[in-house]
Each structure stands twice: as structure tokens, then as C-alpha cells.
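Asks: Make a model of this:
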Amino acid sequence: MTNSSASDAEVATSGARAGAAVVRDMYGRRLSRIDKGAGDFATAADVEAEKAILAVIRAARPDDAVLGEEGGQQGAAGARRQWLVDPLCGTLNYAVGTMLVAVNVALRDGAAAVADPFSGEVFVTDGETAWVRRDGADDVLLTPTPATRLVDVNLDPPFPNAPGFRAADLLAHPEFVARFRPRVVSTSLALAWVAAGKRAAYVTDGGGLSGSVHFAAGIALCRAAGCVVTGIDGAPLEESGRGLVVAADEESHALLMSMTGGRAR
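Replies: Predicted coordinates:
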């Protein structure tokens, strides 16, 4: 049941924009930190941005469940419709004054939006196609391409697949150096950049990422845009459970698989 005529993609977009407005407004302030342990923390901006996103979802989809990075599960855990919300991906970047962050809002197995608070771009998918929306401009379909040769490699822990796979080792692989150029942004905004043709690929370790509040929106965008999305072993993401490799095309994916020991799709 819904009480809004807005589509799920429009709800995701509105939620991501609401969160981005908070993140942008609070940028540069001296913010309190909430320790989560193991070096992880949230700021007041994370909390306030999530509140803004939840207000949008509750108004448009009051019967849906929500899993938020800061607030946890709200609504029935087994609900047919569940929103995954990461109000500020790249908190460490943000806390030290670096504008490389994302606001992620995704309906599980459905629409999603990733907002860049500082560029004003919102990357959106309805689950079938993907586009970027900029204020005052027409929507533009996302078109992945490996032309940049830039590959974002997430070096943040945990590393559940070590020693068999270490993202840091990939950076020194002779074939990687010959073909690609590494970047490290520490935010899932990099996934939207693969979908948009700004990056050739993205690689991270981890587990259960398809259902993660951090990655679900970016993965949905990449799939709708036609990217190759697998685990680090080359298996379909839901079957693998081992990290994440997103590539703009089959050739780039195959090259990365040859370096990580995985199998090309």
C-alpha cells in the first residue's frame, strides 16, 4: 500500500536529494562523532541525513520497512518491500573535509538513487534503465565505458577473502599497471561512476554486499546500466558472497578476473 502517486524511482530520488541537502548544509561544521568500534564512526550529519530520507519514505510509502545504516531495522524485517538507506557513504572523507561522499537509497530488488551532494548529480534507476539527473537539465541515460581506464579499488577493511585475495596486491599486478590506473575514493559513489562511464571498474572485498545499505543502490544502478557485476571470483553476486567487481564491459571484467584468480563471466 502507498499513499503517493510518485513512482519508486521518484521516491528514491527525493529521499537521496533530501539526505544530500543535509550533508551539504552541515559540511565544514565541527560535528560530534558517534563511535561504532573498530575505527568506524558516524557523525551528526549521518544521523540527520538519515532522518530526512526516512521522512520522505514514510510520507510516500508508510507501509514499507526500512533498514538504515544509523537507525537499523524499522518495520517488519520480513516485509515484502524494504528500503536500504546509507545516508552518508564516505563518512571519514566527509569528517576531514573531503567532498567525496554519496547518499544511497535503494528499494530492495527495485528502484534506487545515489546522490552526490556536492556535484548536484543524482544517479537513478527504476530497476530497468539508469540515468543521471542534474538540476535544470534533461535526464541523461548512463552509458558505461572503459575508456578512462580508471579503476577504483577499495582498500578499507574488512578483508574476509585474504590471503587468497588482497585488493592492495591488485595495484601492483603487472597487467593492472599496464592496462589500468588505480584510484581510491572510499565511497560507493565510485559504483555510480562506473555506470556513468567515469570509471572503467570498481573492486572491493567484503561479503553479502548485494543486500548492504552501502552497496545496494550502486549495484542496482550498474546492473540497469549494463555493467558486468560479479563477486571477486567471477560468480554471480548473490551466489558468490565474496567481494564485488563491477566493470564497464566484458573485456575489462575478464582482465580483472585474470588478475584476481576469478573466472571471467
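
Asks: from here on, contacts and neighbour counts on C-alpha atoms
Replies: Fine.

Asks: all helices of the chain, in order?
Replies: With DSSP state H as the criterion, the chain has helices at 8-26, 44-60, 91-95, 167-171, 174-179, 189-195, 216-225, 237-240, 250-260.

Asks: What about Ala55, how many residues nearby?
Replies: Ala55: 15 surrounding residues under other C-alpha atoms under 10 Å.

Asks: ugh, wrong one, I meant Gly37
Replies: Per other C-alpha under 10 Å, the neighbour tally for Gly37 reads 7.

Asks: And Ala217, by the same measure?
Replies: Ala217 has 36 nearby residues by other C-alpha under 10 Å.

Asks: Make 585 the starting number, not 1.
Replies: Fine by me, first position is 585 from now on; the one you just mentioned is Ala801.

Asks: Enumerate every residue touching it.
Replies: Going by C-alpha atoms under 8 Å, 6 or more residues apart in numbering, Ala801 touches 688-690, 696-698.

Asks: just to revisit the earlier point, distance to Ala660 added to the helices of the chain, as TSV?
Replies: Listed next are the helices of the chain as TSV, based on distance: least, C-alpha to C-alpha, whole Å:
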stretch	distance to Ala660
helix 592-610	19
helix 628-644	14
helix 675-679	28
helix 751-755	36
helix 758-763	45
helix 773-779	29
helix 800-809	19
helix 821-824	23
helix 834-844	38
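
Asks: By mean pLDDT, show me the worst of the ones you listed.
Replies: Ranked by mean pLDDT, the helices of the chain bottom out at helix 821-824, which scores a mean of 87.

Asks: buried set for it?
Replies: Buried residues in helix 821-824, counted by 16 or more other C-alpha atoms under 10 Å: 821, 824.

Asks: Isn't Ile641 up against Gly599?
Replies: Yes - at 6.7 Å, Ile641 and Gly599 qualify as touching, with contact defined as C-alpha atoms under 8 Å.

Asks: between these two, which one's more packed in?
Replies: More neighbours surround Gly599 than the other of Ile641 and Gly599, with 31 against 21 (other C-alpha under 10 Å).

Asks: still on that earlier bit, quick one: which of the helices of the chain is nearest Thr729?
Replies: Closest approach to Thr729 among the helices of the chain is made by helix 773-779 (7.7 Å; C-alpha to C-alpha).

Asks: elements contacting the closest one?
Replies: Judged by 3 or more C-alpha pairs under 8 Å, 6 or more residues apart in numbering; DSSP states H and E, the packing partners of helix 773-779 are strand 785-788, helix 800-809, strand 828-831.

Asks: Kindly recompute the last result at 6 Å.
Replies: Counting contacts by 3 or more C-alpha pairs under 6 Å, 6 or more residues apart in numbering; DSSP states H and E, helix 773-779 is packed against helix 800-809.

Asks: so the helix it packs on versus helix 592-610, what angle?
Replies: Counting by axes from the mean of the first three to the mean of the last three C-alpha atoms, to 10 degrees, helix 800-809 points 130 degrees away from the direction of helix 592-610.

Asks: Output helix 800-809 as CSV, nothing but the C-alphas.
Replies: Provided in CSV are the C-alpha atoms of helix 800-809 (Å, rounded to 0.1, in the frame of the first residue of the first chain):
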residue,chain,number,x,y,z
ALA,A,800,22.7,-1.9,-2.9
ALA,A,801,21.9,1.4,-4.7
GLY,A,802,25.2,1.4,-6.6
ILE,A,803,24.8,-2.2,-7.7
ALA,A,804,21.3,-1.6,-8.9
LEU,A,805,22.5,1.3,-11.0
CYS,A,806,25.3,-0.6,-12.5
ARG,A,807,23.1,-3.6,-13.4
ALA,A,808,20.5,-1.4,-15.0
ALA,A,809,23.2,0.5,-17.0
